[in-house]
Structure formats: C-alpha cells, structure tokens
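# can't give you the sequence, but here's the structure:
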C-alpha cells in the first residue's frame, strides 16, 4: 500500500512539474536565459558566477511570468488550437487563479532578482513583461503588426545581459538589441507560416500579408538580409566596446547566408516544409551567432 501511495505522489509531483514547465514555456525561457548570459559574457570585464546565476534565475522568472500571463489571457483561444489545447489551463489541469498566482509570484521574484544586479536590468525586465503581456498579446488577434511589437520584448534578453554586467545602456547593448530584433521577423514568420492553419482557428494574425504568399516570403528575405548586415556591424569598430574580429564577422555572415538560402527556398516553394527548415535554421543561427561573439571576445 505504501508503495502505491508513494508512486502516486511521485506521479502527481511529476505532473505538477510538467505543467509548471508548460505554463512557463521552459524551453523558450531557457533559450532566452542563454541569450542573456551571452550578453553578460560580452559586457563583463570580470565574470561573476553569482551575477550569472542571478541573471539566469531572474531571467527565467521574467520569461516564465510573461508566458503564464499570456496563457491566462489566451486560455479560450488556446482551447481552439491543436497546438495549445493540451496546455494546463484549457486542458483543465490548472485553474486560472493558480496560473495568475504563479505569474505574479514569478514577476516579483524576477524583478527583485534582477534588481540585485542593478536597477536598469530590473527595469528592462519589467518593460519586457509589460510589452509582451499588455501590448503584444492583445494585438495578436487584431493585426499582423503584433509581430513588430513583440520583437521589442523579444530583443531585450541579449542586451539585458550587457546591462546586467555594466549597469550601462549605450551603443553596445543597443547593437545587441538590434541584432536580435531583426532576427525575430524571419524566425516568427517562418513559425507563423508553419502554424498558419492552427493560428487561424484562434483568430491570430501572425503573417505580414495575412497569407502564405510571395509577399510574406519576400519580407522574410528582406529582414534576413538586414539581420545579416546588422550582425556584423561591430566588426567596423563603430559600436564602442562591443567588437568583432573580421574572421568572426565572416563566419557569422556565412551562417546568415545559410539562413538566407532557406528564406529563398521558402520564396520559391512556399510550403510548410521549407518554412520549418527556415525556422530551424533561425534557431541554429541565433545560438551559434551568440556563441561566436563570446568565443571571439575571449580568444580573439
């Protein structure tokens, strides 16, 4: 009997943990934390494990809070889409009050954690939650411009790490912000292309033209080119302390070229398979680009 009860408790705990990961979108949150830590490595003159852990913890809390608020707001729409119908709230495994309590708790915990680094970091973290929850989320069913608005909170993490390390906001974190800002358009439009039928069930307007057409594909190409150019701007010595060697810039430009190749494939084929390849290429690009930046600083 004790064994059965013990196993039931373990299963119950596992389900709670799984739902917590789902309500906070753990994989997305971890990728955001990765960007923040990369930005910290770029800005720091001396590395502090305490600061890195605080940034990672506070960053996860802020992203987790944003996602929890988002799922509270969109719970009825989530129930309409195959991709989201099994999320904790629409599936009935978590109440709205519980989700709100998690969101508020993570908000407070995140702001306080980032404040221990410095006030500017906490401020930018709070701004990202506000923009994501109060502006981006309501606009998703109103206009494709929601992606433009959502690119602002989405671009904050890379620069947040620099601000956490230096307590300064200037050309350097501004450049990091712009790199991740322009990257988000091909990334999210590729995702929006793949999931367009499902998004329409929830009334979401994610593609710039509202359709999976050449107009959308052409905008993806243009933003990819802008991303490629902005990603190597530090190699020209105009971004203050944020620098990039010529060899690293060439490597990053080639990686961007690979992403552009998949964007061009989407333009010619206009199918979901091409959109998926572009989306996966974009995820690889942002991760590898940040790794190259950090390696270039420390061994360049």
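Everything's here; your move. Quantities reported herein were computed from a predicted structural model and do not represent experimental measurements.

# rest of the way, CA atoms for contacts and neighbours
Noted.

# tell me which residues in whichever strand or helix holds residue 190 are buried?
The secondary structure element spanning residue 190 is helix 171-194 (assigned by DSSP states H and E). Within helix 171-194, the residues scored as buried using 16 or more other Cα atoms under 10 Å are 172-194.

# repeat for stretch 286-300
Within stretch 286-300, the residues scored as buried using 16+ other Cα under 10 Å are 286, 289, 290, 292, 293, 294, 296, 297.

# show me where the stretch 51-200 of the chain has its helices.
For the stretch 51-200 of the chain, the helices identified by DSSP state H, counting those that start in this stretch occupy 75-78, 96-117, 119-130, 137-139, 146-166, 171-194, 196-202, in order along the chain.

# residues of the third one that come out buried?
The neighbour-count criterion (16+ other Cα under 10 Å) identifies 119, 120, 121, 122, 124, 125, 126, 128, 129 as the buried residues of helix 119-130.

# format the residues you listed as CSV; extra columns: distance to residue 74.
CSV is the format used below for the buried residues of helix 119-130 (distance: Cα to Cα, whole Å):
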residue, distance to residue 74
119, 31
120, 30
121, 28
122, 26
124, 24
125, 22
126, 21
128, 18
129, 16
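
# what is whichever helix in the chain runs longest packed up against?
Ranked by number of residues, the top helix in the chain under DSSP state H is helix 272-299. Applying 3 or more Cα pairs under 8 Å, 6 or more residues apart in numbering; DSSP states H and E, one finds that helix 272-299 contacts helix 26-43, helix 171-194, helix 246-269.

# show me what contacts residue 212?
Contact criterion Cα atoms under 8 Å, 6 or more residues apart in numbering gives 193, 196, 270 as the residues in contact with residue 212.

# packing partners for the helix holding residue 190?
Short answer (3+ Cα pairs under 8 Å, 6+ apart): helix 171-194 packs on helix 146-166, helix 214-231, helix 272-299.

# most packed of the ones you listed?
Neighbour counts averaged per stretch over those are highest for helix 146-166, at a mean of 25; criterion: mean count of other Cα atoms under 10 Å.

# helices and strands around that one, which ones?
Identification of packing neighbours for helix 146-166 by 3+ Cα pairs under 8 Å, 6+ apart yields helix 26-43, helix 49-73, helix 96-117, helix 119-130, helix 171-194.

# how about residue 25, phi and psi?
Its backbone dihedrals place residue 25 at phi 50, psi 70, with angles given as degrees, to the nearest 10.

# in this structure it contacts residue 65, no?
No. The criterion here is Cα atoms under 8 Å, and residue 25 misses it with residue 65 at 9.7 Å.
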